[in-house]
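[1] Just need the structure, nothing else, for what follows:
(2 chains)
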Amino acid sequence: MQQWLTEIAPWLAQNDIFTPATLAQYWQGLVNTVQLVFISLLVGVVLAVPLAIARGSRWPWLKWPIWFYTYIFRGTPLLIQLYLAYYGFAFIPGIQETWLWFFIDDPTYPALLAFTLNTAAYTTEIFRGAIKATPRGEIEAARAYGMSKVLAYRRIILPSAFRRALPAYGNEVIFMLHASAIASVVTIMDLTGAAYYVYARFYSPFPAFIFVALVYMALSFGIQGIFRQLEKRMLRHLRSGS
Amino acid sequence: MIDFQGYGPRLLDGALLTFELAVLSLILAVALGLLAASAKLSGSRLAHGVATFYTTVVRGVPDLVLMMLLFYGGQIGVNMLTDQLYYAFDIDIFININAFVAGVVTIGFIFGAYMSETFRGAFLAVEEGQMEAARAYGMSGWLAFRRIRFPLMMRHALPGLGNNWMVLLKTTALVSIIGLTDMVRVAAEATKATHEPFLFMIPVALGYLAITSVSELVMLWLRKRYDTGFEEQD
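    So this is what the prediction gives:
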């Protein structure tokens, strides 16, 4: 990156705002945004799969707490969840002395906590809907083959549900990317944070924010393209003809 | 009663602002959404192109970035415009952009794009036979739209509209970042001052849940209303 920046420096000589220094700032923002979103989504999916299965359980003490969790996290703004994760721990008296301090020392951790719990709640509901929509015939066929419940989930229900969940999950990924813009509120230098910094430094909102909007747009369309390819490959059996 | 340490009245004011902001943005978003949906369905290639550009841009960029662009850029843009007017025509005006209006315009603008997709699909779902029947009854274009196409379209649009409203309501929390004193901003200020995040954040969260819960009841009532005459099929 550094070398690349020095190479393009001559072209930027006439430019007051997009100097190598601000481009480096944007680059760091991009790295932070992608990291935050990627880790949250990854952990979110891992949490959401068992939660979605348990959400459809017959036991009320398993089903209702999960319903409550998704209701709360989907019903309130992510910004509030972020504030709670960020300030909720920071103001516990004496926390500086405990090992938990690492968590507050770097705002990335509270942000990761809030984002992960939020995306896990949405993903749980997406998977839940997809599992519920499994054609009865598929489950009956699995049972007729003598599959146990676990085996039927692993081999039949989950793979088929994941495919059906793909379009909705693609939207959730883009939603998460866009929602992550609020990370700048808790002093994380993400893409939006970098744009705000450039705006405040040069008092020029249009270049600062339009540039970052284009970066987000490129990321969004990239994600959309990946999911469209995935859908094409994994939902091939649902298309008519060929 | 919970002791809000003197922040109680401000929290209530903030809640009122959140609600007003959400409702006014919703009205603007529905108007823009209907306009953009009509533009997409119209034969005009220019109108179709403009509407598609609008929805693509809005859906590719985070709400907060658009909000910052319109909010911070809006004033400078207006100033540049009035400066031009002054130099060119010697007209001296100063327009100060009100933060609340900027918030309504921004959120309405963003959600107009989402609404347009909902309305487009809903308009397409209305059977042409219904409109032909309206025309056969001698209804004028506007009357047929008001009495036939719009109510039939709303039946298909309601689920999407309800979803958009819930997302819009939560998006209003972002205005606290650009300086409007909605309930989130009051809670954040109170948290920083008193070091009691849960005391303020949890009531605000409950405020959002209360609005969404009431909205679900309204949605249920609306759905029933627009489903009139369709019960037998469902």
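
[2] Could I get the full set of helices for chain B?
    Applying DSSP state H to chain B gives helices spanning B:8-41, B:45-60, B:63-89, B:99-125, B:128-136, B:141-144, B:150-171, B:183-194, B:197-226.

[3] any idea of the mean pLDDT for stretch B:193-208?
    Mean pLDDT, stretch B:193-208: 88.

[4] distance between that stretch and the chain's centre?
    Distance, stretch centre to chain centre, for stretch B:193-208: 25 Å (C-alpha atoms, centre = their mean, to the nearest Å).

[5] buried ones in that stretch?
    By neighbour count on 16 or more other C-beta atoms under 10 Å in any protein chain shown, the buried set for stretch B:193-208 is B:197, B:199, B:200, B:201, B:202, B:203, B:204, B:205, B:207, B:208. C-betas here are computed from N, CA, C, even on glycine.

[6] Save the residues you listed as TSV, and put in distance to chain A too.
    Formatted as TSV, the buried residues of stretch B:193-208 follow (distance: C-beta to the nearest C-beta, whole Å):
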residue	distance to chain A
B:197	4
B:199	10
B:200	9
B:201	5
B:202	8
B:203	10
B:204	6
B:205	4
B:207	9
B:208	5
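
[7] Turn the helices of chain B into CSV, including distance to residue A:43.
    Listed next are the helices of chain B as CSV, based on distance: least, C-beta to C-beta, whole Å:
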stretch, distance to residue A:43
helix B:8-41, 31
helix B:45-60, 25
helix B:63-89, 23
helix B:99-125, 28
helix B:128-136, 49
helix B:141-144, 53
helix B:150-171, 22
helix B:183-194, 26
helix B:197-226, 22
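
[8] And the ones you listed: which comes nearest residue A:151?
    Residue A:151 lies closest, by C-beta to C-beta, to one member of the helices of chain B: helix B:150-171, at 36.0 Å.

[9] which secondary structure elements does that closest one contact?
    helix B:8-41, helix B:99-125, helix B:197-226 (3 or more C-beta pairs under 8 Å, 6 or more residues apart in numbering or on different chains; DSSP states H and E).

[10] try it again with 6 Å
    helix B:99-125, helix B:197-226 (3 or more C-beta pairs under 6 Å, 6 or more residues apart in numbering or on different chains; DSSP states H and E).

[11] Kindly report the residues of chain A close to chain B.
    For chain A, the residues in contact with chain B (C-beta under 6 Å from any C-beta of the partner chain) are A:75-77, A:79-80, A:83-84, A:87-88, A:91, A:178, A:181, A:185, A:192, A:205-206, A:209, A:212-213, A:216-217, A:220.

[12] Please determine how far residue A:208 is located from residue B:179.
    Plainly put, residue A:208 is 17 Å away from residue B:179 if you go by C-beta to C-beta, to the nearest Å.

[13] More neighbours: these two, which one.
    residue A:208 (28 against 11; other C-beta atoms under 10 Å in any protein chain shown).

[14] by contact count, what packs against the host helix or strand of that one?
    For residue A:208, the enclosing helix or strand under DSSP states H and E is helix A:205-234. Packing partners of helix A:205-234 (3+ C-beta pairs under 6 Å, 6+ apart): helix A:158-179, helix A:191-202, helix B:63-89.

[15] burial count for residue A:235?
    With other C-beta under 10 Å as criterion, residue A:235 counts 13.

[16] how many neighbours does the residue nearest to it when sequence neighbours are not counted have?
    Leaving aside its sequence neighbours, residue A:235 sits nearest to residue A:163 (C-beta to C-beta, 6 or more residues apart in numbering or on different chains; 5.8 Å). For residue A:163, the count of nearby residues is 18 (other C-beta under 10 Å).

[17] Am I right that residue A:163 is in contact with residue A:234?
    Yes: under the criterion of C-beta atoms under 6 Å, residue A:163 is in contact with residue A:234, at a separation of 4.9 Å.

[18] Return the residues in contact with residue B:33.
    Shown in contact with residue B:33 (C-beta atoms under 6 Å, 6 or more residues apart in numbering or on different chains): B:112, B:115, B:116, B:119.

[19] Could you dump the residues you listed into CSV with distance to residue B:69 added?
    Shown next, in CSV, are those (distance: C-beta to C-beta, whole Å):
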residue, distance to residue B:69
B:112, 16
B:115, 20
B:116, 20
B:119, 25
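
[20] Most neighbours among those residues, please name it.
    residue B:115 (29 neighbours).

[21] Am I right that it is in contact with residue B:31?
    No: in this structure residue B:115 lies outside contact range of residue B:31 using C-beta under 6 Å: 8.9 Å.

[22] separation between the residue of chain B most remote from its centre and residue A:49?
    No residue in chain B sits farther from the centre than residue B:90, which is 37.2 Å out by C-alpha atoms, centre = their mean. In this view, residue B:90 and residue A:49 are 68 Å apart by C-beta to C-beta.

[23] near chain A, which residues of chain B show up?
    Listed as neighbours of chain A in chain B under the rule C-beta under 6 Å from any C-beta: B:60-62, B:64-65, B:68-69, B:72-73, B:170, B:173, B:177, B:184, B:188, B:191, B:195, B:197, B:201, B:205, B:208-209, B:212.

[24] Let's see the ChimeraX selection covering just the buried ones among the residues you listed.
    A single ChimeraX command suffices to select whichever of the residues of chain B next to chain A are buried according to 16+ other C-beta under 10 Å:
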select /B:60,61,62,64,65,68,69,72,73,170,173,177,184,188,191,197,201,205,208,212
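
[25] Name the next helix or strand downstream of the least confident helix or strand in chain A by mean pLDDT, please.
    Ranking every helix and strand in chain A by mean pLDDT, DSSP states H and E puts helix A:2-8 at the bottom, with a mean of 67. Sequence-wise, the next helix or strand downstream of helix A:2-8 (DSSP H and E) is helix A:20-55.

[26] Low-confidence ranges, chain B, go.
    Within chain B, the ranges that satisfy pLDDT under 70 run B:1, B:231-234.

[27] What is the neighbour count of the closest residue in space to residue A:62 that isn't next to it in sequence?
    Leaving aside its chain neighbours, residue A:62 sits nearest to residue A:54 (5.1 Å; criterion: C-beta to C-beta, 6+ apart). Neighbourhood size, residue A:54 [other C-beta under 10 Å]: 15.

[28] returning to that earlier point: export the helices and strands packed on helix A:205-234 as TSV, with columns for distance to residue A:71.
    Formatted as TSV, the helices and strands packed on helix A:205-234 follow (distance: least, C-beta to C-beta, whole Å):
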stretch	distance to residue A:71
helix A:158-179	17
helix A:191-202	28
helix B:63-89	23
